[in-house]
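# Here is my input, please return the structure:
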Amino acid sequence: MSTIEAAAENAHDAHGHDHDHPSFLAHHFDTPEQQFDSGKLGIWLFLVTEILFFSGMFCAYAIFRMLRPDVFEGCSQFLNTKLGAINTGVLLFSSLTMAWAVRCSQTRQNKGLVAMLASTLSCAMIFLGVKAIEYSHKWEMGLLPAGLFTFDQNNPHPETDTHYLFYICLPFMFLLAGVVLWLIISLVRGNEFHVKCAKPLTVVAICFFVGIGLGMILESGDSSHSEEEGLEEEVMMAEAVELGNESVLQKISRDDTNSGAKSELIARARQSDTAGTSIVQEGQIISGAIVSVEEDVMTKRQAGVFFSIYYCMTGVHAIHILFGIGFLVWLLVRAVREDFNPQYFGPVDYVGLYWHLVDLIWIYLFPLLYLIR
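Model prediction:
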């Protein structure tokens, strides 16, 4: 043996990298504990930058809401609280399954780890499916950011040839078809590892369309309810008009000889059109003066700002969900390969911390955008 080879062997032995060095331990760490603590510090530093990133958007929300609270109050009426609430419940449940997955990785319960990771992924896909319904409905109404805002109060549900929901679902259709094809090929070839990976991922891909169906049910329920309310209001207004129009003065004016009564009706109609309100009859008492005129907030300059903030905050959050899905798929494949054990479960724990932060951000977004009126 040469002097150089002997020196190299002694150096490796001194660091303990040739003997009792597990494959999951990186060469620049001496113990699994040191590797885990270093990774934990790194993920916490990354999460701090994420918090700072979202803090800027929350500050922008607070400033604009302080300047124009009426705009935010009026525009928030267009957000479906049922869809937001169901997504909140889905993400809270996903936090439970993610924490359970970390525990399974610590106790080497590989089947439980795969099941919990698949459950977390399924919740994430349901969240995106519900969000797709919410986005497509607003896009069809023209409730877009400031530069693209086209909402018309006289025609709130315009007929359009653009099928936004189809284009949103198209990538997920290809994803589902690809995963199913992968599963079929793996079954034919008898590749057990690929089958174990493709089975839960097929369920995960289907869950997006489960979210689509759930969102459609909730959205259609709200639409039918609002249509019923609008119909009731129209009936009440029609009845009021009929009662109001059939006054004594109108009965008198039916006689052609009563030209004065007809002139009085014409004058009142002109006065009503000019004033924009009802006529003060003789003997009525005015309870108060008009101190302000309500401003229309559904304009590109005002409502467009609200929806710009809405799409910015919820859209960036959805992008983080997509990144989380990528991390979770990576963990699921490694879990099927049984890479994790009581000494090496850091990646599951790190992704779990990231996922909990994404859930926590939505816990703030939901009341700020959907509930505060």
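# For this structure, give me the ranges with low pLDDT.
Counting by pLDDT under 70, the ranges of the chain that qualify are 1-20, 154-158, 160-162, 221-301.
# please redo it, this time with the cut-off set to 80
For the chain, the stretches with pLDDT under 80 are 1-22, 24, 147, 149, 151-162, 220-303, 373.
# For residue 62, grab the count of nearby residues.
Using other C-beta atoms under 10 Å, the number of residues around residue 62 comes to 11. Placement of C-beta: from N, CA and C, glycine included.
# Contact partners for it?
Residue 62 makes no contacts at all, as judged by C-beta atoms under 8 Å, 6 or more residues apart in numbering.
# now residue 180: how far from residue 335?
Per C-beta to C-beta, to the nearest Å, residue 180 is found 21 Å from residue 335.
# Pick out whichever of the two has more residues nearby.
residue 335 (29 against 15).
# right, and the more buried one touches residue 108 too?
No: applying C-beta atoms under 8 Å, one finds residue 335 not in contact with residue 108, separated by 10.7 Å.
# Determine the number of other residues adjacent to residue 189.
Applying other C-beta under 10 Å, we find 10 residues neighbouring residue 189.
# Where do the helices of the stretch 101-250 of the chain begin and end?
In order along the chain, the stretch 101-250 of the chain carries the following helices (DSSP state H, counting those that start in this stretch): 110-141, 164-189, 192-245, 248-253.
# Deepest in the core, which of those is it.
Of all these, helix 110-141 has the most neighbours on average by mean count of other C-beta atoms under 10 Å, namely a mean of 22.
# quick revisit: make JSON lines from the helices of the stretch 101-250 of the chain and add distance to residue 150 to it.
As requested, these are exported to JSON lines (distance: least, C-beta to C-beta, whole Å):
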{"stretch": "helix 110-141", "distance to residue 150": "9"}
{"stretch": "helix 164-189", "distance to residue 150": "13"}
{"stretch": "helix 192-245", "distance to residue 150": "20"}
{"stretch": "helix 248-253", "distance to residue 150": "42"}
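# Go through the ones you listed and name the closest to residue 360.
Comparison of these against residue 360 by C-beta to C-beta identifies helix 110-141 as nearest, at 14.3 Å.
# Show me what that closest one packs onto, helices and strands only.
Where contact means 3 or more C-beta pairs under 8 Å, 6 or more residues apart in numbering; DSSP states H and E, helix 110-141 is packed against helix 81-106, helix 164-189, helix 192-245, helix 303-336.
# got the contact list for residue 321?
Here residue 321 is in contact with 124, 127-128, 358 (C-beta under 8 Å, 6+ apart).
# cool, and residue 65?
So residue 65 contacts residue 72 (C-beta under 8 Å, 6+ apart).
# Could you check which helix or strand contains it?
According to DSSP states H and E, residue 65 maps onto helix 32-67.
# and of the helices of the stretch 101-250 of the chain, who's closest to residue 343?
Nearest of the helices of the stretch 101-250 of the chain (C-beta to C-beta): helix 110-141, 14.7 Å.
# got the angle between the closest one and helix 303-336?
Counting by axes from the mean of the first three to the mean of the last three C-alpha atoms, to 10 degrees, helix 110-141 lies at 160 degrees to helix 303-336.
# by how many degrees do helix 110-141 and helix 81-106 diverge?
160 degrees.
# okay, now residue 338: neighbour count?
Other residues close to residue 338 by other C-beta under 10 Å number 11.
# Return the residues in contact with the closest residue to it other than its chain neighbours.
Once flanking residues are discounted, residue 338 sits nearest to residue 110: 5.1 Å by C-beta to C-beta, 6 or more residues apart in numbering. Contacts here follow C-beta under 8 Å, 6+ apart; on that basis residue 110 touches 104, 335-336, 338, 340.
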